[in-house]
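Engineer: this is the structure alone, sequence omitted:
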């Protein structure tokens, strides 16, 4: 694959379908967008790995949402890494890039030398979809279980949606010839097409009594799912991350007997929606007396975006529902 082809596929999600197996999927490649997410913070390596995995899952899942919708993934636990939150904003118009952002909250002193997933404790994995003004948001939750964030996402789809789903992910720091070390990520998602009446006749066989894909499918569906997963098991890390194999070539290598059908790739970029206006709106519910308790010794109100580290400085007289006309010196 040439440099131009690599650049064209970086930071994209390619949707595809295996018609004969009744399976849909996505291939994602993250480079600049992942770098944009991680460079906002000085995370320890184990935290960076968790954020990278969560961002890759978000890209693969988020591609299915409609224009202007927002998908959020969130993990909250009682472990050293208390929270990981990601947002995926659907494109504003056809052909426009989607936007992603992410951050993690952790207690540095509690981090260990164990694997990244072991930095999480007991908690939950949540999927939230905001369909826009006038629509009720959707939220689904499943316990943190298994051996990775990937397995948590698979359990969520099996348990909450009864949609057999499989992720193959690869992510880590990469150094290309003549370049600097930076994070790259790539992955493949398989998902059985929704059925009118999903069922799990044999009970749940997953960790913590959660459903697994094998609990939901039977007959030809189960056979097709097993075959597709056996083929996906042959994927190599470098094939998913690139840069030597284009996603279209990867699909042909894995699923050529299934005649994969690809659709238009969705570009994705790092993007944060924070702004001084949003900060002011969030403070508009407070009285002047409340705002006074938020004012620093310098006589200003400050706010920091957890996603992009933007710092806002506002005149307390201009915020809250008692605000006077005027603007602060947001920065």
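Structural biologist: That came through fine. Everything numeric here is computed off the predicted structure, so don't read it as measured data.

Engineer: which residues in this protein form helices?
Structural biologist: Here the chain has its helices, by DSSP state H, at 3-9, 32-38, 45-62, 149-156, 213-216, 219-232, 237-241, 247-255, 276-283, 288-294.

Engineer: reformat the ones you listed as TSV; add mean neighbour count and distance to residue 15.
Structural biologist: For every residue, glycine as well, the C-beta is placed using N, CA and C. Output for the helices of the chain, formatted as TSV (neighbours: other C-beta atoms under 10 Å; distance: least, C-beta to C-beta, whole Å):
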stretch	mean neighbour count	distance to residue 15
helix 3-9	14	14
helix 32-38	22	17
helix 45-62	24	10
helix 149-156	24	17
helix 213-216	21	20
helix 219-232	15	15
helix 237-241	18	16
helix 247-255	18	10
helix 276-283	15	31
helix 288-294	13	45
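
Engineer: got JSON lines for these, with distance to residue 83 and mean pLDDT too?
Structural biologist: Listed next are the helices of the chain as JSON lines, based on distance: least, C-beta to C-beta, whole Å; pLDDT from 0 to 100:
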{"stretch": "helix 3-9", "distance to residue 83": "31", "mean pLDDT": "64"}
{"stretch": "helix 32-38", "distance to residue 83": "15", "mean pLDDT": "92"}
{"stretch": "helix 45-62", "distance to residue 83": "10", "mean pLDDT": "97"}
{"stretch": "helix 149-156", "distance to residue 83": "13", "mean pLDDT": "95"}
{"stretch": "helix 213-216", "distance to residue 83": "28", "mean pLDDT": "66"}
{"stretch": "helix 219-232", "distance to residue 83": "30", "mean pLDDT": "91"}
{"stretch": "helix 237-241", "distance to residue 83": "27", "mean pLDDT": "92"}
{"stretch": "helix 247-255", "distance to residue 83": "31", "mean pLDDT": "95"}
{"stretch": "helix 276-283", "distance to residue 83": "19", "mean pLDDT": "84"}
{"stretch": "helix 288-294", "distance to residue 83": "22", "mean pLDDT": "84"}
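
Engineer: those helices: which one's closest to residue 311?
Structural biologist: Between residue 311 and these, the tightest spacing by C-beta to C-beta is seen for helix 276-283, at 10.5 Å.

Engineer: if we can go back for a sec, dump the helices of the chain to TSV, plus distance to residue 86.
Structural biologist: Below are the helices of the chain laid out as TSV (distance: least, C-beta to C-beta, whole Å):
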stretch	distance to residue 86
helix 3-9	22
helix 32-38	8
helix 45-62	4
helix 149-156	10
helix 213-216	24
helix 219-232	24
helix 237-241	19
helix 247-255	22
helix 276-283	18
helix 288-294	28
